[in-house]
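Colleague: no FASTA, just this:
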Ligand SMILES: [Zn+2]
């Protein structure tokens, strides 16, 4: 059970934007890893608070959370918070603690000891059809990345010794506290440009366009975020290149509805097809399939096509395709048809006689989830 975001920050549901920010700032200072070295519980609280703030500080996400709770962000984290790492948290700090941010460099790379400067992450969105999601796909995406220009050389920044950060000891009401701020000499890059080509920017970088190939596994979920390591922006000097974060967006399908790993298909058959039996071609994520409808099919019947759903992203098998049979009742009748049905009104074959297997809708739903 995930903790309530409001409880994590110790605020009420009616908290204002300023109160949310203030509460988060307090928690972030208390549990900051620099202040609690080696304390995993503090780090855990620090991450939780960051995740809570990420959602509650965004009016859109907050509204979704208020309505649906944690379920609003199930299945991934993009737009939620589940997938936050320390880089994301620290990059959020520019907003919270004011100051210059990190000048395009997200700042913290390797934990412990000397920190390596890391280039900023890039974020893109990839739209996938249900078929692509079901089968897995490789996408080639054009990405605009900042790369160190050929011919650029760097010197290590003398002010911060290449860390990009300057450390200050501050006396606060919470006690003596070590805070790190972006080095103003190098802007957080840790490196000063020595020589650079004329077309490069102030950090010796060039904006380049690169086609990145992204392997998307079968079973991804809308909102999920994939990471392609080292395909973000370069960091100057010996820094580590940032990552490319790929958010998955699922395009609606014309005939199929997804529910977790299962798919649903609404099949409409005519009155006479239901009475006489028929066969129908339906869409699946792996192509068309012909299914048989028995004589005397009832509206509301659900046919389960095993393993015709979406493969589980975690590798736990494949979902099913549930075909919902709907018998179409004619809305208008010719004179002859009307006479025919009037004659049939008292016919015993036309009298409803539900048997055990013609279960009520609720029993069927119960079965489906058991
Ligand atoms: Zn510096």
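Modeller: Perfect, I can see it now. Bear in mind that the values here come from a model prediction, so they are computed numbers and not experimental data.
Colleague: when you work out contacts or count neighbours from here on, use the C-alpha atoms and nothing else.
Modeller: Fine.
Colleague: next one, pLDDT for the closest residue to the ion within the stretch 1-150 of the chain please.
Modeller: In the stretch 1-150 of the chain, the residue that lies nearest the ion is residue 117 (10.6 Å; Cα to the ion). For residue 117, the pLDDT comes out at 80.
Colleague: isn't it up against residue 187?
Modeller: No - look at residue 117 against residue 187 with Cα atoms under 8 Å: they stay out of range, at 11.2 Å.
Colleague: what's the overlap in contacts for the two?
Modeller: Residues touching both residue 117 and residue 187 (Cα atoms under 8 Å, 6 or more residues apart in numbering) are residue 164.
Colleague: which of the two has more neighbours?
Modeller: More neighbours surround residue 117 than the other of residue 117 and residue 187, with 29 against 21 (other Cα atoms under 10 Å).
Colleague: against residue 54, how distant is the more buried one?
Modeller: Residue 117 is 23 Å from residue 54, where distance means Cα to Cα, to the nearest Å.
Colleague: ok, residue 230 next?
Modeller: On the measure of Cα to Cα, residue 230 and residue 54 end up 24 Å apart.
Colleague: between the two, which is the more surrounded one?
Modeller: Using other Cα under 10 Å as the criterion, residue 230 and residue 54 rank with residue 54 on top: 21 against 15.
Colleague: neighbours around residue 178, how many?
Modeller: 15.
Colleague: bridging residues for it?
Modeller: Taking DSSP bridges as the rule, residue 178 bridges to residue 169.
Colleague: against the ion, how distant is the nearest residue to residue 228 once chain neighbours are set aside?
Modeller: Spatial nearest neighbour of residue 228, chain neighbours left out: residue 244 (5.0 Å); criterion: Cα to Cα, 6 or more residues apart in numbering. Residue 244 sits 25 Å away from the ion, going by Cα to the ion, to the nearest Å.
Colleague: with residue 309 instead?
Modeller: 54 Å.
Colleague: for the remainder of this discussion, apply numbering that starts at 378.
Modeller: From this message on, residue numbering opens at 378, which makes the last subject residue 686.
Colleague: number of nearby residues for that residue?
Modeller: Neighbourhood size, residue 686 [other Cα under 10 Å]: 26.
Colleague: and this protein, which of its residues are near the ion?
Modeller: Selection of the chain residues close to the ion by Cα under 5 Å from the ion yields 534, 536, 537, 541, 560, 562, 563, 567.
Colleague: identify the bridge partners of the residue nearest to residue 605.
Modeller: Residues in beta-bridge contact with residue 621 (DSSP bridges): residue 499, residue 605.
Colleague: is it true that it touches residue 500?
Modeller: Yes - judged on Cα under 8 Å, residue 621 makes contact with residue 500 at a distance of 5.9 Å.
Colleague: who's more crowded, these two?
Modeller: Neighbours were counted for residue 621 and for residue 500 using other Cα under 10 Å; residue 621 has more, 23 against 15.
Colleague: quick check: the gap between the more buried one and residue 493.
Modeller: 18 Å.
Colleague: neighbouring strands - and their directions - for the one helix or strand residue 703 maps to?
Modeller: Using DSSP states H and E, residue 703 sits within strand 698-705. If you go by DSSP bridges, strand 698-705 pairs up with strand 639-647 (parallel), strand 679-682 (antiparallel).
Colleague: give the rounded mean pLDDT of the first one.
Modeller: Taken as a whole, strand 639-647 has a mean pLDDT of 97.
Colleague: and that strand, how far out from the chain's middle?
Modeller: Distance of strand 639-647 from its chain centroid, counting by Cα atoms, centre = their mean, to the nearest Å, is 28 Å.
Colleague: show me what counts as buried in it.
Modeller: For strand 639-647, a neighbour-count test (16 or more other Cα atoms under 10 Å) marks 639, 640, 641, 642, 643, 644, 645, 646 as buried.
Colleague: residues in contact with that strand?
Modeller: By Cα under 8 Å, 6+ apart, the residues outside strand 639-647 that reach it are 632-635, 659, 685-687, 696-706.
Colleague: report the buried members of those.
Modeller: The buried subset of the contacts of strand 639-647 (16+ other Cα under 10 Å) comprises 633-635, 659, 685-687, 696-704.
Colleague: low-confidence ranges in the stretch 428-577 of the chain?
Modeller: 451-492, 551 (pLDDT under 70).
Colleague: show me where it has its helices.
Modeller: Using DSSP state H, counting those that start in this stretch, the helices of the stretch 428-577 of the chain run over 436-445, 463-474, 507-512.
Colleague: repeat that for the stretch 578-727 of the chain.
Modeller: Using DSSP H, counting those that start in this stretch, helices in the stretch 578-727 of the chain cover 648-653, 712-721.
Colleague: switch these over to TSV; also include mean neighbour count.
Modeller: Formatted as TSV, those follow (neighbours: other Cα atoms under 10 Å):
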stretch	mean neighbour count
helix 648-653	17
helix 712-721	11
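Colleague: mind putting those in JSON lines, distance to residue 679 included?
Modeller: Formatted as JSON lines, the helices of the stretch 578-727 of the chain follow (distance: least, Cα to Cα, whole Å):
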{"stretch": "helix 648-653", "distance to residue 679": "14"}
{"stretch": "helix 712-721", "distance to residue 679": "27"}
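Colleague: residue 528: which of the ones you listed is closest?
Modeller: For the helices of the stretch 578-727 of the chain, proximity to residue 528 was assessed by Cα to Cα; helix 648-653 is nearest, at 74.5 Å.
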